[in-house]
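A.B. asks: Below is the sequence, then the predicted model.
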Amino acid sequence: MNKEKHKEKKLICRNCITGKIEQLSFDGDQLLSIIGIEAGRNHYFFGPGLTDLQINGIGGIDFNVPSVTIQDIKKTTQLLLTEGVTTYFPTVITNSDEHIIAIMRTIADACKEDTLINACIGGIHLEGPFISPLPGAKGAHSEAFIKPPDWELFQKFQEAADGRIKIVTLAPEWETAPAFIEKCSQSGVIVSIGHSLANTNQVKSAVKAGACMSTHLGNGIPLMIQRHPNLIWDQLAEDNLYTCIIADGIHIPDSFINIVRMVKTNAAMIVSDATCFTGMEPGEYQSHIGGAVILEKNKRLSVKGGQGILAGAAKSLRENVETMMEHKLCSLGEAWRMASVNVNDFLSTCGNNFKSNRNDFVIFILKGSEIEVQKVIKNGKMVFSK
């Protein structure tokens, strides 16, 4: 009996970044080619896969509890693909050494067991425990587990992660920070400045030692700071620092997002910093780091009875892109670039042995500022179709 051949399927889409009309050809689930065409009817947009450098969880799954399982990580990966996120960095925050090691092992085991998980996890982002213990700077991180940068301890974390820790967020004001940053840089681990009260010289020393990123700039810092100089201006002034921002319309004001866009241009990147409450219904929940939290309809997540203190983020990276358009901060193309191309360029420039995702694409419909993901391609193969 002759096997029926796959019928080649063609989709005509508008590239959301360049604006050009392009034809995508498929054989079954396999992407064959992308070619530019002069014209054609289209209602689809497409762009590079989104890359989230900082995500703590989604859909009730939390990367920061030692009970997280391989099945949880598999479910998270599938959820993120439906959001157009083809590469993500599960973010493990300040915790006991034992819990961090346990979580690292689970993520590493998930990558070894499942090829799709391994392809989608670009690396692990360790946010802490080497941050500032001071109020305002430490944010929701537990002060009990905060400590100075310790290379020997980091090596234990890295061993548990099977070498998958690719980003470390720390406070450069620690005395041991410059030497630690140098060792990270030499080993190909990206160092980011965050949850810090570093002064100008400490920021400069960190950059000189190899730090190349700012973690959620404008957050992880006290509400009241010196007019100038201060940690925000010092990081914006450093040409060698790429800047991450949470563009959910809640964490930082539109005016600050515009400043970052104008100053950093292609070195500006959007991250979600999403918690496990992302994608959940509004209501009251229990958080392992902040106790009772309130998730509002507008996705604002705050500590119950905390006078509006935020308890993390609850929008996906796709929703951050939507917010940029909804608030008329930039075009679809620029917002999408900040969550994909800029991030991938950063990883290629500052990372070591980063798995390229140049063959990842998202096909979607745009309704006003709402992005409806239709199909997702990972490494040239369709892994999600609505």
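C.D. replies: All right, it came through fine.
A.B. asks: Name the surrounding residues that touch the host helix or strand of Leu126.
C.D. replies: In the assignment (DSSP states H and E), Leu126 maps to strand 124-127. Residues from elsewhere that reach strand 124-127 (C-beta atoms under 8 Å, 6 or more residues apart in numbering): 53-54, 89-94, 100, 104, 107, 154, 157, 161, 164-169, 194-195, 215. (C-beta placed from N, C-alpha, C; glycine too.)
A.B. asks: what are the pairing partners of it, and which direction each?
C.D. replies: strand 85-93 (parallel), strand 165-170 (parallel) (DSSP bridges).
A.B. asks: Okay, angle between the next helix or strand after the shortest one and strand 165-170 too, please.
C.D. replies: Translated: strand 165-170. Once strand 165-170 ends, the next helix or strand along the chain (criterion: DSSP H and E) is helix 177-186. Interaxial angle, helix 177-186 versus strand 165-170 (axes from the mean of the first three to the mean of the last three C-alpha atoms, to 10 degrees): 160 degrees.
A.B. asks: Any idea which helix or strand in the protein has the lowest mean pLDDT?
C.D. replies: Within the chain, no helix or strand scores below strand 301-303, which has a mean of 87 by mean pLDDT, DSSP states H and E.
A.B. asks: So for whatever helix or strand comes next after it, mean pLDDT?
C.D. replies: Tracing the chain past strand 301-303, the next element assigned as helix or strand by DSSP H and E is helix 317-326. Mean per-residue pLDDT for helix 317-326: 98.
A.B. asks: For the helix or strand following helix 317-326, give me every contacting residue.
C.D. replies: Next along the chain after helix 317-326, taking DSSP H and E as the criterion, comes helix 332-338. With C-beta under 8 Å, 6+ apart as the test, helix 332-338 has contacts from 16-19, 45, 47-48, 50, 247, 261, 266, 268-270, 320-321, 324-325, 329-330, 366.
A.B. asks: out of these, which are buried?
C.D. replies: By neighbour count, with 16 or more other C-beta atoms under 10 Å, the contacts of helix 332-338 hold 16-17, 45, 47-48, 50, 247, 261, 268-270, 320-321, 324-325, 329-330, 366 as buried.
A.B. asks: follow-up on the earlier one: could you tell me which of the contacts of helix 332-338 belong to strands?
C.D. replies: In this view, the contacts of helix 332-338 that belong to strands under DSSP state E are 45, 47-48, 50, 268-270, 366.
A.B. asks: okay, and for the stretch 1-150 of the chain, where does confidence drop off?
C.D. replies: For the stretch 1-150 of the chain, the stretches with pLDDT under 70 are 1-6.
A.B. asks: where do the helices sit along it?
C.D. replies: In the stretch 1-150 of the chain, the helices defined using DSSP state H, counting those that start in this stretch lie at 70-82, 97-113, 115-120.
A.B. asks: right, so of those helices, which gets closest to Lys299?
C.D. replies: When the helices of the stretch 1-150 of the chain are compared by C-beta to C-beta, helix 70-82 sits nearest Lys299, at 16.0 Å.
A.B. asks: Determine the set of other helices and strands touching that closest one.
C.D. replies: Judged by 3 or more C-beta pairs under 8 Å, 6 or more residues apart in numbering; DSSP states H and E, the packing partners of helix 70-82 are strand 57-58, strand 61-62, strand 85-93, helix 97-113, helix 115-120, strand 370-378, strand 381-385.
A.B. asks: if you compare these, which one is most tucked away?
C.D. replies: Mean neighbour count (mean count of other C-beta atoms under 10 Å) peaks for strand 85-93 among the helices and strands packed on helix 70-82, with a mean of 27.
A.B. asks: orientation of that one relative to strand 381-385 in degrees?
C.D. replies: Going by the same axes, to 10 degrees, strand 85-93 makes 80 degrees with strand 381-385.
A.B. asks: neighbours around Ser185, how many?
C.D. replies: Neighbour count for Ser185, taken as other C-beta atoms under 10 Å: 17.
A.B. asks: what's the answer for the one 3 residues further on, then?
C.D. replies: As a burial measure, the neighbour count of Gly188 was computed by other C-beta under 10 Å and equals 14.
A.B. asks: ok so, going back, so which of the ones in strands among the contacts of helix 332-338 would you say is closest to Ala177?
C.D. replies: Nearest to Ala177 among the ones in strands among the contacts of helix 332-338 is Met269, at 22.6 Å by C-beta to C-beta.
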